[in-house]
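Peer 1: need the 3D shape of this:
(chains A, B, C and D)
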4 protein chains.
Amino acid sequence: MTTPAHRPTGLRIAPSALALAGEGRVFDLSSGWWPGMPLAPGHPPFQVLTFRTPAGERAQGPHGDLEWLGDNTSRFGFISELLSFCAHSGTHIDALAHITSGENDEWYGGYSAHEYLGDHGPLTHDASTLPPLLGRGVLVDAPGALGLETLRARQHIDEDLISLTLDKQGVALREGDVVLLRTGTMKHWPDTRAMTAVEGAGLDLDGARLLARYRPAAVGSDTAAVEVAPSGVAGEPQPVHRLLIRDLGIPLMEWVHLEELAAAAVHEFLLLCLPLPITGATGSPVRPVAIA
Amino acid sequence: MTTPAHRPTGLRIAPSALALAGEGRVFDLSSGWWPGMPLAPGHPPFQVLTFRTPAGERAQGPHGDLEWLGDNTSRFGFISELLSFCAHSGTHIDALAHITSGENDEWYGGYSAHEYLGDHGPLTHDASTLPPLLGRGVLVDAPGALGLETLRARQHIDEDLISLTLDKQGVALREGDVVLLRTGTMKHWPDTRAMTAVEGAGLDLDGARLLARYRPAAVGSDTAAVEVAPSGVAGEPQPVHRLLIRDLGIPLMEWVHLEELAAAAVHEFLLLCLPLPITGATGSPVRPVAIA
Amino acid sequence: MTTPAHRPTGLRIAPSALALAGEGRVFDLSSGWWPGMPLAPGHPPFQVLTFRTPAGERAQGPHGDLEWLGDNTSRFGFISELLSFCAHSGTHIDALAHITSGENDEWYGGYSAHEYLGDHGPLTHDASTLPPLLGRGVLVDAPGALGLETLRARQHIDEDLISLTLDKQGVALREGDVVLLRTGTMKHWPDTRAMTAVEGAGLDLDGARLLARYRPAAVGSDTAAVEVAPSGVAGEPQPVHRLLIRDLGIPLMEWVHLEELAAAAVHEFLLLCLPLPITGATGSPVRPVAIA
Amino acid sequence: MTTPAHRPTGLRIAPSALALAGEGRVFDLSSGWWPGMPLAPGHPPFQVLTFRTPAGERAQGPHGDLEWLGDNTSRFGFISELLSFCAHSGTHIDALAHITSGENDEWYGGYSAHEYLGDHGPLTHDASTLPPLLGRGVLVDAPGALGLETLRARQHIDEDLISLTLDKQGVALREGDVVLLRTGTMKHWPDTRAMTAVEGAGLDLDGARLLARYRPAAVGSDTAAVEVAPSGVAGEPQPVHRLLIRDLGIPLMEWVHLEELAAAAVHEFLLLCLPLPITGATGSPVRPVAIA
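Peer 2: Predicted coordinates for the structure are as follows:
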């Protein structure tokens, strides 16, 4: 197998985006990752296992794949781990092959899972095609605009709430933005019991259509699924996923930690997000940072 | 278990670093990741397995952890994967607990593996403590300075070669730099047979001491181990790892793809690297980018 | 690596054991295994993932490790899975390296984990040394003797209860027996809530000493740990494990399904148990059968 | 999820089968299992990772899933592992859902993978339906009959060779037998280079038809695939798998170690094989034993 040609060519970061870095304060928007962390339903557990250990290396001796430890009177050792998890664990971005619908189970671009899904992941639009995101980020702090700590469970982030929030913030969306919608869920992270107070709050289909008109580089939120649940759309468990990822090719970002940005009332910033271009993965864990 | 307090506070990116972004050209320094990719010896295979599939979801039906698929006449489906790999696969940064030596198998800070290594990874200095790296990056293009395509197998990057290269490049190291040493190995990536022509080329102990005087934020290279092999130091298979990571707390970055930077003769740049703060991991895969 | 010499030589099954087969009725003593099955605390989840699929094989095409599918107009396909679990899941037998105690963390035979535990399991007394068990089995149906459906939570199977039960059953223990102690826990299998009614019932240290005098080939029970919990022995969470496995080299069998044997009042039988000799494993899942 | 009803009812072992136990000599027919063992192409690696360790348990402390270690002045510890492998590793038996063919990717009984294959394995005819095999076993020692050490690479075990061998052995097949075909491959086990001398030798389609007339309980061999490769049948990479498993519901056993049986010239015996009834698995590793 040859290496996938994942490296984007001709990618540039705009001077206007760099100018957003302002005072250079760095906000870490990631969830952290650890064994037993909360996950959206349907995913395998997040596991970290100690793999190599100094004592184990000595017990096995300097042969086979440890031959290079050869002359080792200094008792040099190394520790490694086996990670076992799904790309949709913690803060992550979805690749465009993540979502299918219709008779032929097609993802973005009309690729059918019947023909293009291998046993090691999708053959097109996998994480290896996710470019670095280096541009303008906008926080849509809905509970902030409403004077709430968090949204209510199952509250819709609809056209009106987005418009009202942007107005209050005095920020307008532009093409290519990374739009981050806050529900306040991560205020309770990782207390799954407390998080149920905000459960299901998120973007609805009309809100998604509004955002799509600006052709954002990505849309994210501080929840497991970005979108409101239940969806309120008959026959469609996740119509926002279907519209943004599958129909329009706009990646979603989930479990984005927005509490510190909101507390600092930073609504516009330089957003840096560097997905791992893993062939066959349907997304990538990321540690986005906002700079302002 | 509570979430680890991985989010750094008070982190800033310096205006002088931002100024390095120049024309805003983005260079992707990552290796890519895929099942069967080349790895340093001693690591588990890099595996990507299709986990969820539209047909599998239908076969299992909307119950258990798929209950939320409920009303689904649109045949909405999602694809996910199980990733199984070690943090030291492809382009990555080492956490400080990665390397031990001495009678008590101690890592940086004097933590003994006998007391601080759990079954889910080290309890201190794991990847959850790795901050974002957002600052000045310097390429030390040793073969470029020597007029070579690549270094020779087992060639030392020593004090002299570093000094000569920096002189030719007209670049001086400063405190806090991310220093990236090029051997040319990635010119052949991922052709393991061709890569043997450069095998073992890397930083030697004297070269590492020189770099350490500048207190770099990290030292990286385009090889599996950064350092020269064999080490030439009796009883120490990896003295550069021991010195930089274990003694001095300077992370190493490995398998960094430097070919495009070298081809463009970019020796100084804004370096962005966002390690995943995974509790228990001894490093993180990263997709560093250089901007210039 | 060469194959381990796991095949026992000179092993015979005694005519007296074969004679126990009686009418030839076969009782399956296994728990079954499935994703999400109940496990003793401290173990990784039991996972089954679809690995190869007919559609995935077609999508990837007949190259690499699927090259042999070559000419395939018949649409031949195969399905496989990735299993990921611990040997101590469901019905299983412990290898003698499973249990350590004391200053040097030694298992049976005085092997210290500090020296003999590699990163791929113990180097001695692992599952590769477990012989087939083909001989006399004895059921000690304690609740049956007491006229109960099951024992009570935390009830001790002590010397007296063992003696009383064997007396009522009219069965005497002999050297080399596989002794199976019933608490009735599996009557509720796999309903973990219902199983709490019997939780912690099991063999105590005096009872284990009694059994050890007969030098059994193995001791098993229908619980996660065979032994009573809490142990009632200060400083020793599992003194029966320590005595039988570590000190005396007698394997334990756990989660053995004894309900059908008990219902049929079969107390003596031909026991067949065929552990998988996996190098580095600390036990093996097994499907023991009783024949009577 | 409730436990699968895997336990067979009314299963009996015939007196005539027990009578085959003869002198009670036990022959272990298993391959052994270890990290890095040889595998048929297309399968994931066989991995054993140390999971729990006495030092790791102390480092993590007696809380969470180790809470039960509580009062532990005796330094009680336990070692466990994570096993990660495919059921088709080493000696194993195939479940009937393992093989599909035709337009709808159907396995035995006409179940289509499009409808009955979940993300955790097939929903019918998985390993949970494999009964214990306890009956007459017959060795067909083809190289023995031909006076050879092993068959040649790609040599067909066809109708004639089976008949000739059975004649020389003076053994007739009967309904319900487990028929084990020897090529001699395991004489070289696990030396993959040496095994190439016998590579591809195996049962051909006519030979399979002959065996099928006797309605065997299972057909096994000492190779990765039982059947001859290449198959010699246009458009069908594995017609013997298709015929026996998919069309007729006769399981195959692979990598069966037959060298000791052959050396002892034991051609008829009591065969004991106890597959693990794992829900969703497409087969089970087994340690069959022959008794004679």
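
Peer 1: A:Arg152 contacts A:Val198, doesn't it?
Peer 2: Yes: contact criterion CB atoms under 8 Å: A:Arg152 and A:Val198 qualify, at 7.3 Å. Every C-beta, even on glycine, is put in place using the N, C-alpha and C of the backbone.

Peer 1: and A:Ala14, its phi and psi?
Peer 2: phi -80, psi 140 (degrees, to the nearest 10).

Peer 1: look up how far A:Gly176 lies from it.
Peer 2: Noted for A:Ala14: a distance of 8 Å to A:Gly176, by CB to CB, to the nearest Å.

Peer 1: so for A:Arg152 and A:Val198, which sits in the more crowded spot?
Peer 2: The neighbour comparison of A:Arg152 against A:Val198 (other CB atoms under 10 Å in any protein chain shown) goes to A:Val198, with 24 against 16.

Peer 1: let me see the contact set for the more buried one.
Peer 2: A:Thr150, A:Leu151, A:Arg152, A:Ala153, A:Thr183, A:Gly184, A:Thr185, A:His188, A:Thr223 (CB atoms under 8 Å, 6 or more residues apart in numbering or on different chains).

Peer 1: now the buried members of those residues.
Peer 2: A:Thr150, A:Leu151, A:Arg152, A:Thr183, A:Gly184, A:Thr185, A:His188, A:Thr223 (16 or more other CB atoms under 10 Å in any protein chain shown).

Peer 1: excluding residues flanking it in the chain, which one is nearest the fifth one?
Peer 2: The spatially closest residue to A:Gly184, leaving aside those adjacent along the chain, is A:Thr150, at 2.7 Å (CB to CB, 6 or more residues apart in numbering or on different chains).

Peer 1: what pairs with the residue nearest to the spatial centre of chain A across the strands?
Peer 2: Geometric centre of chain A, nearest residue: A:His92, 2.4 Å, by CA atoms, centre = their mean. Counting by DSSP bridges, A:His92 is bridged to A:Glu254, A:Pro285.

Peer 1: quick check: it vs chain B, distance?
Peer 2: Counting by CB to the nearest CB, to the nearest Å, the gap from A:His92 to chain B is 10 Å.

Peer 1: got it, and A:Asp94?
Peer 2: 9 Å.

Peer 1: get me the contact residues on the stretch 1-150 of chain A for chain D.
Peer 2: A:Leu49, A:Thr50, A:Phe51, A:Thr53, A:Ala55, A:Gly56, A:Leu82 (CB under 8 Å from any CB of the partner chain).

Peer 1: in strands, which of the buried ones among the contacts of A:Val198 fall?
Peer 2: Assigned to strands by DSSP state E, none of the buried ones among the contacts of A:Val198 qualify.

Peer 1: which one of those residues is nearest to B:Trp107?
Peer 2: Set against B:Trp107, the nearest of the buried ones among the contacts of A:Val198 by CB to CB is A:His188 (33.8 Å).

Peer 1: shouldn't that closest one be in contact with A:Glu199?
Peer 2: No: using CB under 8 Å, A:His188 is not in contact with A:Glu199, being 10.1 Å away.

Peer 1: partner strands of the lengthiest strand in chain A, parallel or antiparallel?
Peer 2: Counting residues, the longest strand found in chain A (DSSP E) is strand A:133-141. As defined by DSSP bridges, the strand partners of strand A:133-141 come to strand A:178-182 (parallel), strand A:268-273 (antiparallel).

Peer 1: from the chain's centre, how far out does the first one sit?
Peer 2: Read that as strand A:178-182. Counting by CA atoms, centre = their mean, to the nearest Å, strand A:178-182 is centred 11 Å from the centre of its parent chain.

Peer 1: now that strand - C-alpha only, PDB.
Peer 2: Taking Å, rounded to 0.1, in the frame of the first residue of the first chain, the C-alpha atoms of strand A:178-182 are listed here in PDB:
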ATOM      1  CA  VAL A 178     -16.000  27.700  11.600                       C
ATOM      2  CA  VAL A 179     -19.200  28.300  13.400                       C
ATOM      3  CA  LEU A 180     -19.300  27.000  17.000                       C
ATOM      4  CA  LEU A 181     -22.700  26.700  18.700                       C
ATOM      5  CA  ARG A 182     -22.800  26.700  22.500                       C
END
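
Peer 1: which parts of it are buried?
Peer 2: Of the residues in strand A:178-182, A:Val178, A:Val179, A:Leu180, A:Leu181, A:Arg182 count as buried by neighbour count, 16+ other CB under 10 Å.

Peer 1: same thing with stretch A:220-237?
Peer 2: Result for stretch A:220-237 [16+ other CB under 10 Å]: buried residues A:220-229, A:231, A:233, A:236-237.

Peer 1: and the residues you listed, which is closest to chain D?
Peer 2: Nearest to chain D among the buried residues of stretch A:220-237: A:Pro237, at 16.7 Å, using CB to the nearest CB.

Peer 1: packing partners for the lengthiest helix in chain A?
Peer 2: If you go by DSSP state H, chain A has its longest helix at helix A:159-169. The contact analysis (3 or more CB pairs under 8 Å, 6 or more residues apart in numbering or on different chains; DSSP states H and E) places helix A:159-169 against strand A:133-141, helix A:142-146, helix A:205-212.

Peer 1: OK, contacts around A:Ala234?
Peer 2: B:Asp71, B:Thr73.

Peer 1: let's go with 10 Å and repeat that
Peer 2: B:Asp71, B:Thr73, B:Ser74 (CB atoms under 10 Å, 6 or more residues apart in numbering or on different chains).

Peer 1: so which of those belong to helices?
Peer 2: Using DSSP H, none of those sit in helices.

Peer 1: ok, and the most crowded of the residues you listed?
Peer 2: In terms of neighbours by other CB under 10 Å, the contacts of A:Ala234 top out with B:Ser74 at 16 neighbours.

Peer 1: the residue nearest to A:Gly184 touches A:Thr196, doesn't it?
Peer 2: No: at 11.4 Å, A:Thr150 does not count as touching A:Thr196 under the criterion of CB atoms under 10 Å.

Peer 1: A:Ala194 contacts A:His188, correct?
Peer 2: Yes: here A:Ala194 reaches A:His188: they are 3.8 Å apart, a contact under CB under 10 Å.

Peer 1: need the overlap of contacts for the two.
Peer 2: A:Thr150.

Peer 1: how near is the closest residue in space to A:Met253 that isn't next to it in sequence to A:Phe46?
Peer 2: Once flanking residues are discounted, A:Met253 sits nearest to A:Gly220: 3.0 Å by CB to CB, 6+ apart. A:Gly220 sits 20 Å away from A:Phe46, taking CB to CB as the criterion.
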